[in-house]
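K.L.:
Based on what follows, work out the 3D shape:
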Amino acid sequence: MNAVNSLAKLIVRCSKSVAAGSGAKLKVISMEDSRAVALRRGITPLEVEIACLENGVVPMRYLRNIGTAGIEGQLKLLCSTVAVCGAGGLGGGVIELLARQGIGHLVIIDNGRFVENNLNRQIMSDEHVLRRSKVKVAAQRVRRVNSAIDVKVCSAHIGDSNVDGLLNGCDIVVDALDSLSSRMVVEASCRRLKLPFVHGAIAGYCGQVMTVLPGDKGLSAVYGPGCEVQGVEAVTGNPSATPAAIAAWEVQEVVKLITGTGEPVRNRLLFVDFADGSLESIPLLQEGK
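P.N.:
This next block holds a predicted model:
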């Protein structure tokens, strides 16, 4: 018996059938059993979870994902690498949700440390991690939420000289930055590397989201060619709920791109104003660069 067949049989033997929401039966495996398989076979928990899905067995933690992502979609999520640029208000929420969704490989990029004024909105921050590296705290959080995930952290300021190296090998890049100039640098790298770029930004009660695929119109169609040093959120502030809502929206874009479900927000900007409850979908009419 070869090793692949042996692993598949072991996984199936450890699984059990449960009723899914549709009434159909699904085979599932508990985290305890999948970790035991990993230990027994000398492979990583992520490799076991991938093998489970390849054999039609759903890790129990992902059972509520299957109705939207499907087994094939969840397998794609586990095999994907997503870079999150920024680990603050937007980035912390994005990282948390991607870990729970089951993105197999996360790259977290930020050179900041938590300070007191982060506590109102940055989900990775608390009173015990002040002055600590954001990326290291985020990595520890991910491992507590989903220990199967492979996490790479980069404590670096993103610039023209290092951005391609930071993003090379990723499948999707998420913008959780706080300056337009840095966003432009990341978007330009995504165009060179032919990577999807999921943009999100917040300011006070307002937020926006769009997805830029290679060849699409992008940030220059929204902002024009100029770049400001810091976003308007420095003036309007960041209430707790705004980054959480926009981060969730960005994660949905990532999931849609990877699984092929739904319709990404392309060549248009979704702009939400929570103050008056309005939502606009604004077509990008200018030519992006």
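K.L.:
Now do the domain split for the protein, please.
P.N.:
The record assigns the chain these domain ranges, following automatic domain parsing: 3-77, 80-283.
K.L.:
quick one: terminal-to-terminal distance for the last one?
P.N.:
What that stands for is domain 80-283. 29 Å (CA to CA, to the nearest Å).
K.L.:
Kindly provide the whole-number mean pLDDT of it.
P.N.:
For domain 80-283, mean pLDDT is 94.
K.L.:
Likewise for the first one?
P.N.:
For domain 3-77, the mean pLDDT works out to 94.
K.L.:
Could you identify the helix or strand that succeeds the helix ranked longest in the chain?
P.N.:
In the chain, taking DSSP state H as the definition, the longest helix is helix 241-259. Using DSSP states H and E, the helix or strand that follows helix 241-259 in sequence is strand 268-273.
K.L.:
So what touches the next helix or strand after that next one?
P.N.:
Downstream of strand 268-273, the first helix or strand assigned by DSSP H and E is strand 278-283. Here strand 278-283 makes contact (CB atoms under 8 Å, 6 or more residues apart in numbering) with 265, 267-273. Heads up, the C-betas are built off the backbone N, CA and C, glycines and all.
K.L.:
Out of the residues you listed, which is nearest to Gly204?
P.N.:
Among the contacts of strand 278-283, Asp273 lies closest to Gly204 (CB to CB), at 9.1 Å.
K.L.:
Now do the closest one: how many residues are near it, please.
P.N.:
14 (other CB atoms under 10 Å).
K.L.:
Show me the beta-bridge partners of it.
P.N.:
Cys206, Ser278 (DSSP bridges).
K.L.:
list the contacts for it?
P.N.:
Contacts of Asp273 (CB under 8 Å, 6+ apart): 205-206, 279.
K.L.:
Surely Val153 forms part of a helix?
P.N.:
No - Val153 is assigned strand when assessed by DSSP: H, G, I helix; E, B strand; the rest coil, not a helix.
K.L.:
residues contacting it?
P.N.:
107-109, 135-136, 138-139.
K.L.:
Once you drop chain neighbours, what's closest to it?
P.N.:
With CB to CB, 6 or more residues apart in numbering as the criterion, Val153 has its nearest non-adjacent residue at 3.9 Å, and that residue is Val135.
K.L.:
who touches the one you found in this structure?
P.N.:
So Val135 contacts 87, 108-110, 153-155 (CB under 8 Å, 6+ apart).
K.L.:
Just list the residues touching Cys169, thanks.
P.N.:
Rather than Cys, residue 169 is Gly. Thr81.
K.L.:
Just the terminal-to-terminal distance for stretch 10-28.
P.N.:
OK, stretch 10-28 end separation, CA to CA: 13 Å.
K.L.:
now do stretch 85-94
P.N.:
10 Å.
K.L.:
Likewise for stretch 111-124?
P.N.:
Stretch 111-124: ends 15 Å apart by CA to CA.
K.L.:
Which residues does that stretch contact?
P.N.:
87-89, 92-93, 95-96, 125-127, 129-134, 137-138, 141, 155-157, 238-240, 242-244.
K.L.:
let's see 7 Å
P.N.:
87-89, 92-93, 96, 125, 129-134, 137-138, 141, 155-157, 238, 240, 243 (CB atoms under 7 Å, 6 or more residues apart in numbering).
K.L.:
Same check on stretch 20-31?
P.N.:
Taking CB under 7 Å, 6+ apart as the rule, stretch 20-31 contacts 11, 14-19, 52, 56-61, 63, 66-67.
K.L.:
For the stretch 51-200 of the chain, which segments count as strands?
P.N.:
Assigned by DSSP state E, counting those that start in this stretch, the stretch 51-200 of the chain shows strands spanning 57-59, 81-85, 105-109, 150-154, 172-175, 197-203.
K.L.:
picking up where we left off before, can you name the two of the contacts of strand 278-283 that are farthest apart?
P.N.:
Of all pairs in those, the most separated under CB to CB is Asn267 and Asp273 at 21.3 Å.
K.L.:
follow-up on the earlier one: most tightly surrounded among the domains of the chain?
P.N.:
domain 80-283 (a mean of 19; mean count of other CB atoms under 10 Å).
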